[in-house]
Every structure is written in C-alpha cells, then in structure tokens.
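>>> When you get a sec, could you give me coordinates for this:
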Amino acid sequence: MVPPLPPIRETPPAASDRAAPGAVLDLLVVGGGINGTGIARDAAGRGLRVMLCEKDDLAQGTSSRSSRLIHGGLRYLEYGQWRLVREALHEREVLLRIAPHLVRPMGFVLPHVAGMRPAWMLRLGLFVYDHLARRTRLPASRTIWLDAAPEGRALQAGHRRGFVYADCRTDDARLVVLNAMGARERGAHIRTRCELVGARGQDGLWVAQLRDALTGQTTEVTARVLVNAAGPWVQTLAARVAPARHGLGVRLIKGSHLVVPKFWSGDHAYLLQHSDKRVIFVTPYEGDTAMIGTTDIVFAGAPECAQVSAEETQYLCAAVNSQMRCTLGAADVLHAYAGVRSLADDASDDPAAISRDYVLELSGTAAASAAASADGAQVQPPLLTVLGGKITTFRRLSEHALEQLRPWLPHMGGAWTAQAPMPGGDIAGGSIEAAQAVFLGKAGFLPAEHARGLFDRHGSGAARIIADAGHIDAMGRHFGAGLYEVEVRHLLAHEWAISLDDILWRRTKFGLHLAPEQRDALEQWLAGTQAARVPRAPPLG
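Just a heads-up that it's a prediction; the model follows:
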C-alpha cells in the first residue's frame, strides 16, 4: 500500500519565521533558473530572508535546455576568455565534490582533422586546459591513435590522431531543483507559477506585486533588494520595474540540440571540429540515446517560442555525418530542444564568439543612496540584474552577486557553498560508487537499472523515497521504464512538480522512454491526484 500524498510544504517549520507573512524580505529573486535558484540558496544560507518567484516551472526555460555539461569551455580559450575558463575549471572541481550524484566525469574524444586546427594547437590548448586551474579529480589529457583505439571505431576512416580529455556531465534541470531544495531547507520561500507583474521603489524598499498563476490571486511583498535573474526575459522584467534602471545591452542567442539513438559503444563523448570553425558536442544523453549540439543563432522572438529549425537539424546532422560512421537525418531525431541565452552584448559579429561570462549590473551604490537620503530625495532600493553565465559557474556567480549586495545587507553571513553538499550529495565516505552500491543493496527488490536511475536522480535522497517500500508492490503503480508512483508522489510533494512535463522532462527524462499510452495513463493519474493535494501555501504579504 502506497502512503497518501504528503502535504506540500514550501518553507520548513524551523525556518518559517524568516518568511513570516508581512515580514520585509531581504531578497526577492525573480527567475527560477540556475542563477536565480543559486542566488536564493546562497543567500538563505547566509541567514537572509529570501523569496524566489518563477512565472512557470523551475528550469522551464534555458536551464533545462543546455548541453548538460559542467566544463571549463575549451573553445573559449581560442577567444582569449582566460578568466572565464579558469573560474569554470575551478567550479568543475567544486561541483564534483558537492553534487557527486549529479555531476559525473566524462571523457571527450577530440579528433584531429586535416585542414582544420593543427595538432600542435590542439595539444597546446589541452595542456593549458589541464593546468589553468587546480585539478584533483580528473585525469590529464592524452594523445591517442584513432586507427587503433576503441574510441576511433565510431569515426570515419582517415582519422589517425586524436586527443582525450576529461570534463563532466550533469542533469541541468535537476541541478536547478537541487538549488531550490537547498534554498528551502535554509528558510527561503520558493514560489513557482508566480509572476512578478510590477515593482516600485517606496521608502527605500521594493514593493512588488506577485500574481499566482494557479489561483489568479495578486499580492504584494516588500523587499530590501530585488534580483532580476529572469534569463532571456530579463528585459521584459526590467520594463515592469519602476523606475526602470537596466542599462546593459542584451543579445539573445539560441542554441539547439538533437537527441538521437546512440550510435557508438562506450560512455565517452566526442568534440568535433566543423568546417565553419565551430565545435559540436556528441555526448551520451539518457540510456541508449545521444545528444548533438549546439548551434549559436541570434534570436529575436519570444524566448518561450524558440524551436529547433529544419536548417539547424540539417546543420547538426551534417556536421556529425561528415566525421562519424553514421547517416543521421531528421527522421532519426527522437527529441529536439532549443534554449535562448541572454548575453551581455559585446558587439561581436560572431554569435559563437560572444562571451558566456556573466555580468552583474547593480543600480547605484550604498553611498549614493545614503547621500540621497540625507538630501531628502527618494531613496531608490538596489536592483541587481544578471546577464550571461554558464551553468558551470552558477555557484560563483551567486557568491559574486551577494558580495556586491553586502553594503545593503551587512548582517548577512559569509560564503559557504563551496563546501556544503547539495541535496542528495551528502555521500558518506565521499565515494559515490560505494554509496550507490549500498543503495542498490537496499533496493534489491527493484530491477537494477531502475534502482540506479533513482540513485542518479536523487543521490542520498533515494533511500528516503523508498524508505517505506520493502518490496516492489509497495512502490505503487509502475508507469513504465522505471518510473514508480512513490517517486512521482515525491516529485509532487517536495520538488514543486505539477504538470506532466514537469515530471517527464524536467524532474526526469522519462519523456524519452514512456510510450504514448503510458504518458496518457500518467496524465490521467495526475488529474485524479490533484484533488488530493493540499492547497498551495498562502502567499506572503
């Protein structure tokens, strides 16, 4: 018998006094992507009163539509972006330590192609990549002979020399959810399906109007600092803030990805040079599928409407077909997704060359506000606008954001996230392999691949999900491919999932594996379960 669905609790009781109705928030973060949730988690852990609002689901935009890599960005060395690469390489090590269940090492094969970048340049770039930041958990790069190495079997004849280097993969959307969960554990109030419709400065504070998309109710909250982390909607949000103080130029760049059947053996990935000097990632995705990406195209439409074009599909397939033993086409695409990044406009003519580094624009200074107050002028509260950034550097971006805000929030604690495990990352003994083996022993009543999937998604939290299940019948309904009712109930109760897409594409990737009739059955089950759910927590204000 599966236990009834537990109540949704958006703020833990022990921390509820930080976000009591009517309390002035220290920080109102708008945007439930990787940067917004990262800032919310860091701020909550410093003892600040924090609320995050997101107009849709967590990671519904760009943060669930990335290449799913935790990497330094080898290609950015070619553009001279040394600081960005160094910081990203450092963060790669940090994330391997604090989220070992979600950030896993992966080898990349980089073939040398005659007529493209010379072998000495690739070797030199990889040497710099190995040594630009301290590396303790990943092996150094090495040269291989592709006509003899197993990694060369998937490549067309003629590729003789290549290189292997290490980076990491992750589940981007789950990384966002982990940040939100970590923020909630420390007292932050996380509100999804909640849109900021307007904000104004009043008496040195922000007064913001929030509309709940599920109830239609609009309420006001008051905060000392407003953070615009709305990603590709950053300008839309800026227009709702009075007076508007966002002055940076923004470039929206679309990146598209294809998911196809995996066509090589092994857990390694490939980094292919293309004839236009761009590079294409070909990586294992989920199960027996592979991801190909990405493109870089200037985008001018509504970000939520971004789709993979036929031209992009042809471009990515042609790039892979030209070097690998495959003949991919549009008919082979199992799933395709496009994300839109908001980058600080550096006037580059080449979209691929625009820096992925983050820019934090802070309106005014504490000193200027104090002077305005002394003169009797209206004090405008601080607005922090976030542009750019890679999923790899979200944690450091969050630290930098809070360092800039310290003049307004002097009571906040110090930096702490570099050592604290993410939810599910508290692995006893530090060995992810040993922890997984222990869990597989506890979950021996499940098929091994289903138990491994649970652990990969939830880490140490997987044991809590199956704690009351001593046999497979206690897991509840099996919706297919290893998705059981107890996990779905957990996603609904503890991870802000509401819709079918929340579950099948952002909290998991079962959308790739369930048959249409299985998806329909889950949707019908969800519809019948909604009536049993506890109403959303009352809004602040």
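>>> Can you give me every residue that contacts residue 499?
Contacts for residue 499 (CB atoms under 8 Å, 6 or more residues apart in numbering) come out as 57, 526. (C-beta placed from N, C-alpha, C; glycine too.)
>>> Against residue 146, how distant is it?
Going from residue 499 to residue 146 by CB to CB, to the nearest Å gives 45 Å.
>>> same check, this time on residue 128
23 Å.
>>> Same check on residue 222?
Residue 222 is 62 Å from residue 146, by CB to CB.
>>> neighbour count winner among residue 128 and residue 146?
Using other CB atoms under 10 Å, the more surrounded residue of residue 128 and residue 146 is residue 146, with 22 against 14.
>>> Go ahead and confirm that one touches residue 161.
Yes - with contact defined as CB atoms under 8 Å, residue 146 counts as touching residue 161 (6.7 Å).
>>> intersection of neighbour lists for these two?
Applying CB under 8 Å, 6+ apart, one finds that residue 146 and residue 161 are jointly contacted by residue 111.
>>> the strands in the stretch 151-300 of the chain, which residues?
Here the stretch 151-300 of the chain has its strands, by DSSP state E, counting those that start in this stretch, at 161-169, 189-191, 194-202, 205-212, 218-228, 241-242, 250-261, 269-273, 279-284, 289-293, 297-298.
>>> And the pLDDT for the spatially most central residue of the chain?
In the chain, the centroid-proximal residue (CA atoms, centre = their mean) is residue 172; its distance is 3.6 Å. Note on residue 172: pLDDT of 98.
>>> ok, now the one 10 residues further on?
Reported pLDDT at residue 182 in the predicted model: 98.
>>> got the contact list for the closest residue to it other than its chain neighbours?
The shortest distance from residue 182 to any non-neighbouring residue, by CB to CB, 6 or more residues apart in numbering, is to residue 41 (4.4 Å). By CB under 8 Å, 6+ apart, the contact set of residue 41 is 179-180, 182-183, 186, 188, 398, 417.
>>> and residue 41, that one's in a helix?
Yes - assessed by DSSP: H, G, I helix; E, B strand; the rest coil, residue 41 belongs to a helix.
>>> ok so, going back, out of the strands of the stretch 151-300 of the chain, which comes closest to residue 309?
strand 250-261 (7.4 Å; CB to CB).
>>> Please name the residues that touch residue 510.
Residue 510 is in contact with 479-483, 503-504, counting by CB under 8 Å, 6+ apart.
>>> which is the next helix or strand following the longest helix anywhere in the chain?
If you go by DSSP state H, the chain has its longest helix at helix 82-98. Counting by DSSP states H and E, the element after helix 82-98 in chain order, helix or strand, is strand 104-111.
>>> how big is the angle separating that next one from strand 269-273?
On the basis of axes from the mean of the first three to the mean of the last three CA atoms, to 10 degrees, strand 104-111 is oriented at 40 degrees to strand 269-273.
>>> Let me see the mean pLDDT of strand 104-111.
Strand 104-111 comes out with an average pLDDT of 98.
>>> Adjacent strands (with direction) for it?
The strands beside strand 104-111 in its sheet (DSSP bridges) come out as strand 161-169 (antiparallel), strand 269-273 (parallel).
>>> Mean pLDDT, distance to residue 133 and mean neighbour count added to those strands, as JSON lines?
As requested, these are exported to JSON lines (pLDDT from 0 to 100; distance: least, CB to CB, whole Å; neighbours: other CB atoms under 10 Å):
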{"stretch": "strand 161-169", "mean pLDDT": "98", "distance to residue 133": "13", "mean neighbour count": "21"}
{"stretch": "strand 269-273", "mean pLDDT": "97", "distance to residue 133": "19", "mean neighbour count": "21"}
